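# coordinates only, no sequence provided:
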């Protein structure tokens, strides 16, 4: 039995005329008669009573007509779902993010994507630590991540799209003894305590910061802390410093802190969307298209940072 045969049966049952049904189906009358005969052979029953003047449904034909319509409808629905899944308009997409650099653009992007593709289940998961977010990308748990990339970072097996640039900044207590001296004299922080958000110290983010320090003659002591608020609280108390992207610091304004931009190309940080080059999730390309559109619109308005970003206090 074929779905086509059921469609022919349903159409003929509605017309009760082989000539009209064949014309409506764009097939010859012998072809229609053959397909109905094949369906009757498969079912083992007669579906139509036919003479020179009329065509009528048999009791068996009446009995299966509703079921035939249900089967055809389900088959067409299955075909539509399969085609949507192949094109990515129905499916699942896992998005990872850090939670500190995306507020100015990610809600708008997600809203647009969900409006455009309501059949895609978009799952968001925040990762406080950069290396954990990296791991989820590489192990396939995350399809696409909004993450940080320095000029020196090499992201093997990953494609990425720049969203905007920010710059690393030195964070000190406003009343730190070196607060007024350290700008332009980074080496004054040698042997000072550096606070960094991490748990095991194996993050490429920490590697980048230590490289920045080394290039500027600073060999800091390092203390790993579990979250950003703890870092800032420790700094506000007057001990140590940290180096954080300006985009992160936009979310933590405090009169007790002083932010000093670090000069140099190596202090530029890109906020990027990253994904595995071998990720074949068709919904991924649709999300990237939406991202490209939003970035292009922001660029056309000559924004140098994320949309609606307010200046960070110094």
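Noted; the coordinates are in hand. Worth saying up front: this structure is predicted, and the values here are computed from it rather than measured. Numbers count the residues shown, from 1 in each chain.
# most centrally placed residue in this protein?
For the chain, the residue nearest the mean C-alpha position is residue 95 (4.2 Å; CA atoms, centre = their mean).
# check which helix or strand it maps to.
strand 91-97 (DSSP states H and E).
# run the chain-centre distance for that strand.
Counting by CA atoms, centre = their mean, to the nearest Å, strand 91-97 is centred 4 Å from the centre of its parent chain.
# ok and the helix or strand just after that strand relative to strand 91-97, angle-wise?
Next along the chain after strand 91-97, taking DSSP H and E as the criterion, comes helix 106-116. Relative orientation of helix 106-116 and strand 91-97, computed by axes from the mean of the first three to the mean of the last three CA atoms, to 10 degrees: 180 degrees.
# can you list the buried residues in the helix or strand following helix 106-116?
Downstream of helix 106-116, the next assigned helix or strand under DSSP H and E is strand 120-126. Under the neighbour-count criterion of 16 or more other CB atoms under 10 Å, strand 120-126 has 120, 122 buried. Any C-beta I mention is one placed from the backbone N, CA and C, and that applies to glycine too.
# partner strands of strand 120-126, with direction?
Sheet partners assigned to strand 120-126 using DSSP bridges are listed as strand 91-97 (parallel).
# the residue nearest to the centre of the chain and residue 123, how far apart?
7 Å (CB to CB, to the nearest Å).
# and for residue 262?
For residue 262, the distance to residue 123 - CB to CB - is 35 Å.
# the helix or strand of the chain with the lowest mean pLDDT: which residues count as buried?
Least confident element among the helices and strands of the chain, by mean pLDDT, DSSP states H and E: helix 59-87 (a mean of 82). Neighbour-count burial for helix 59-87 flags 61, 64-65, 68, 71-72, 84 (criterion: 16+ other CB under 10 Å).
# pull the most distant pair out of those residues.
61 and 84 (33.8 Å; CB to CB).
# columns distance to residue 232 on top of the buried residues of helix 59-87, output as TSV?
Below are the buried residues of helix 59-87 laid out as TSV (distance: CB to CB, whole Å):
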residue	distance to residue 232
61	77
64	72
65	71
68	68
71	63
72	63
84	46
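# quick one: low-confidence parts of the stretch 51-200 of the chain?
84-89, 199-200 (pLDDT under 70).
# tilt between the top strand by length along the chain and helix 106-116?
Determined from DSSP state E, the single longest strand within the chain is strand 158-173. Orientation check (the same axes, to 10 degrees): strand 158-173 against helix 106-116 gives 150 degrees.
# from the contact counts, what lies against the least confident helix or strand of the chain?
When contacts are defined as 3 or more CB pairs under 8 Å, 6 or more residues apart in numbering; DSSP states H and E, helix 59-87 sits against helix 3-15, helix 282-300.
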